[in-house]
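J.: sequence and computational prediction follow.
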Amino acid sequence: MKFKNIWTSVIIFYTIIILLCACGKQQQDTPDKLYLGITCYNQSDTFINQLVTCLKDKLSQFENDNFEVTMTIRDAAGSQRTQDDQVQELINAGCNILCVNLVDRADPSEIINLAKENNVPIIFFNREPVAEDMMRWEMLYYVGADAKQSGIMQGELALSAIQANKNIDRNKDGKIQYAVLEGEPGHQDAIIRTENAVDTLKNNGIELEKLCCGIANWNRAQAQNRMMHIISQHQNNIELVLANNDDMALGAIDAYKKLNYTESALPVFFGIDGTDVGLNAVKDLELAGTVYNDKEGQAAAIAKLAVEIISKKEITNKYTYLPYSKVTSDNVNDFLNKDK
């Protein structure tokens, strides 16, 4: 009996040791920290700046006594070379997830190579790499929106305005003379937004006459300068301004204000993104409308995805797309209050 009790005690002892080891291993495998390294193409971009601010808030909601979240943010200031160096720096600093808003969506090779070599997953956001690059590693993800949808919606907003207000055609020639302010030359989203906005108007029976297309690199000040030049060429002939983002639409408005144009001589202006300043311009009836790019939804999707990756959960989709929404003076307060 004594011998049997000894063996029972030995078995219990080793069972406890095995369980403790297993618990220790499980605890070790459970992540206790998300160290997110973020690099943006240019933090002076209003939408990107607001998206990153939203991301900070969404990530903080995952923090608790057992899970710490740290963010390091870098601004590439429009240089792909700088962004490549920043990714190396963030990896060296110990980041276990990267969030990359590419400077050049067609040139992510070095970033992907660095991440793959160091086994650090990447969530690309807002600027989508080409499909071939996204297939180079299973730990590459994208969160953003469909540029085509934003262009179509901008066209639909302009269509509704033109149909509701015959005075937009100021010279009564049956055509709408328009100017376009585009983002970067050759940028996929800029091209897609412009083409689909214009095609939507044409496909719905609006006769258009294109007066000018200016590149303003998503920037308000550049848009103002570009629009000043366009106005000098076309004077009062411009009836519609389609801008690829709110900042450029507001830059166009700034140009008319600087030249002291009366309200009756102004064209109608449309933007995209629904930034805070853009939404307030819609509320003040300066912008006829904008297309809301869901920064809160994208930030929440990025935060959730980052936590799932670090927690080694199974992820079935490499791509997450959030829908756009049309904004006019009728519903703008809904979007201004969205953060609240």
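T.: Looks like it came in fine. On a predicted model such as this, the values are computed, not experimentally measured, just so you know. Numbers count the residues shown, from 1 in each chain.
J.: poorly predicted segments of the stretch 101-250 of the chain, please.
T.: Applying pLDDT under 70 to the stretch 101-250 of the chain flags no residue at all.
J.: go again using 90 as the cut-off
T.: Counting by pLDDT under 90, the low-confidence segments of the stretch 101-250 of the chain come to 184-189.
J.: which stretches in it count as helices?
T.: Along the stretch 101-250 of the chain, counting by DSSP state H, counting those that start in this stretch, helices occupy 109-117, 131-134, 147-164, 188-203, 220-234, 246-258.
J.: gap between the residue positioned nearest the centre of the chain and residue 273?
T.: Against the mean C-alpha coordinate of the chain, by C-alpha atoms, centre = their mean, the closest residue is residue 126 at 3.5 Å. As judged by C-beta to C-beta, to the nearest Å, residue 126 and residue 273 stand 10 Å apart. In short, each C-beta sits where N, CA and C put it, glycine included.
J.: between these two, which contacts overlap?
T.: Both residue 126 and residue 273 are in contact with residue 47, where contact means C-beta atoms under 8 Å, 6 or more residues apart in numbering.
J.: buried deepest among the helices of the stretch 101-250 of the chain, which one?
T.: helix 246-258 (a mean of 24; mean count of other C-beta atoms under 10 Å).
J.: who does the following helix or strand past that one touch, helix- and strand-wise?
T.: From helix 246-258 onward toward the C-terminus, using DSSP states H and E, the following helix or strand is strand 268-270. Other elements packing on strand 268-270 under the criterion 3 or more C-beta pairs under 8 Å, 6 or more residues apart in numbering; DSSP states H and E are helix 147-164, strand 240-243, helix 246-258.
J.: who's in contact with the spatially closest residue to residue 207 that is not a sequence neighbour?
T.: Excluding the flanking residues, the one nearest residue 207 by C-beta to C-beta, 6 or more residues apart in numbering is residue 175, at 4.5 Å. Contacts for residue 175 were tallied using C-beta under 8 Å, 6+ apart; they are 169, 207-209.
J.: host element of residue 83?
T.: Per DSSP H and E: residue 83 is located in helix 80-92.
J.: ok, now which ones touch residue 246?
T.: By C-beta under 8 Å, 6+ apart, residue 246 lies in contact with 46-47, 271-275, 277-278, 281, 287, 290.
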